[in-house]
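Peer 1: sequence first, predicted model second:
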Amino acid sequence: MFPFCEDPSQLDTLPWLACYLTTGVHMNFYVSFGTVLLLLAITAPCALAFGFAGAAASRSRILPLSLLGKGYTSIVRGVPDIAFFLFFVIALDQGIEYLVHLARCPDWDEPIRQGANFLVCPEAKMPPGNAAQAWHEAYNFALAVFTFALVFGAFAANVLYGAMRAVPRAQMETAEAYGMTDRQAFWRILVPQMWIYALPGLSNLWMILMKATPLLFLLGVEDIVYWARELGASKTPRFTDYPHGDWRFFYFLFLLVFYLGMTKISEVALGRLTRRLSHGQATLGGEAQRREGGDMQAGAGA
């Protein structure tokens with residue numbers, strides 16, 4: 001990147017380090033931080049949508065829908081995350097290719113399952129073999145987002161289902177007494193009030209989601225942990241212009257600071273959100289705000 005980086009062997013410590021940290025491989029490392037943040041930004045609302053749908057289905061009076069919601073929550077939560085990630089992504093990828101294979105290659109007469117191999121016609125490969133590398137990376141990232149959202153959506157469904165049950169039943173009965181339908185009472189009474197009960201569980205789930213991002217490597221996405229391991233490993237002059245010893249300690253220390261910073265920012269943001277949602281609610285947080293407001297008014301009157 002810098003003009004003086006043409007011959008790294010002639011550089012002093014600081015210029016050498018500046019050149020080392022601005023190599024193309026390190027740029028991939030820096031971009032991977034954006035990949036992790038993008039994953040969190042997309043996965044969190046998607047998981048919340050899956051969770052809300054699962055919780056709403058679980059409390060449905062329609063038996064098949066209720067069984068579907070409870071089955072989704074129980075099955076996904078009951079499987080270890082790493083096993084689900086390894087199995088589901090492969091199954092989803094092969095399922096997509098199989099459907100495309102049926103649509104594009106109806107005359108294919110060879111078996112798709114050939115021992116341990118899964119072979120479809122070239123036109124059914126996803127993404128196509130001649131596609132640019134960016135499409136392969138985008139496809140893997142999309143699979144990762146869907147898998148993360150599905151897994152954490154099951155946990156969110158359990159949290160939201162408990163939050164829905166925590167809303168006092170008397171309020172729903174009052175809404176019905178005023179002539180509201182079940183749907184109106186659900187959207188106007190239950191949903192607005194459930195979030196304060198759900199937020200502690202959703203906060204913990206957000207923290208777990210952040211800590212689970214290194215699983216991206218299992219899904220074919222080169223994340224920050226992958227690059228930290230690759231860049232920190234020992235390098236010799238035979239393979240690189242910037243040889244060094246085992247620096248993985250420093251790279252992973254940097255990741256530690258990054259995740260701790262993300263945790264602190266999340267705690268502050270979630271604390272403010274909790275305080276805002278507690279306003280006017282019949283909860284400990286809402287009661288504390290009412291007492292605080294009363295003390296301020298008493299102090300002003302004095």
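Peer 2: That came through fine. Numbers count the residues shown, from 1 in each chain.
Peer 1: setting aside sequence neighbours, what's the nearest residue to D241?
Peer 2: Take D241 and drop its neighbours on the chain: the residue closest to it by Cβ to Cβ, 6 or more residues apart in numbering is P8, 4.9 Å away. For glycine as for every other residue, the C-beta is placed from the backbone atoms N, C-alpha and C.
Peer 1: give me the neighbour count for the one you found.
Peer 2: Residue crowding around P8 was assessed by other Cβ atoms under 10 Å; the count is 16.
Peer 1: L160 now?
Peer 2: L160 has 28 neighbours, counted by other Cβ under 10 Å.
Peer 1: report the separation between it and S74.
Peer 2: In this structure, L160 and S74 are 15 Å apart, going by Cβ to Cβ, to the nearest Å.
Peer 1: what residues does stretch 122-129 touch?
Peer 2: Stretch 122-129 has contacts (Cβ atoms under 8 Å, 6 or more residues apart in numbering) with 93, 96-98, 100-101, 104-105, 135-136, 139.
Peer 1: just the buried ones from these?
Peer 2: Buried positions within the contacts of stretch 122-129, assessed by neighbour count (16 or more other Cβ atoms under 10 Å), are 93, 97, 100-101, 139.
Peer 1: just those residues: which are in strands?
Peer 2: Members of the buried ones among the contacts of stretch 122-129 lying in strands (criterion: DSSP state E): none.
Peer 1: report the two of the residues you listed separated the most.
Peer 2: Of all pairs drawn from the buried ones among the contacts of stretch 122-129, the greatest distance, 16.3 Å, lies between H101 and Y139 (Cβ to Cβ).
Peer 1: give me the low-pLDDT residue ranges for this structure?
Peer 2: 1, 4, 239, 279-302 (pLDDT under 70).
Peer 1: can you rerun that using 80?
Peer 2: Filtered on pLDDT under 80, the chain yields the residue ranges 1-12, 114-116, 129-131, 217-220, 236-241, 277-302.
Peer 1: now the helices: where do they sit in it?
Peer 2: Taking DSSP state H as the criterion, the chain contains helices spanning 13-20, 24-58, 63-78, 81-104, 133-166, 169-177, 182-185, 191-212, 224-232, 248-278, 284-301.
Peer 1: got a list of what the spatially closest residue to L199 that is not a sequence neighbour touches?
Peer 2: Taking Cβ to Cβ, 6+ apart, and ignoring the residues beside it in sequence, L199 has T274 as its nearest neighbour in space, at 5.5 Å. Under the criterion of Cβ under 8 Å, 6+ apart, the contact list for T274 reads 196, 199-200, 203, 285.
Peer 1: quick one: T274 from N204, how far?
Peer 2: Taking Cβ to Cβ as the criterion, T274 is separated from N204 by 13 Å.
Peer 1: please apply the same query to L48.
Peer 2: Between L48 and N204 the computed distance is 14 Å (Cβ to Cβ).
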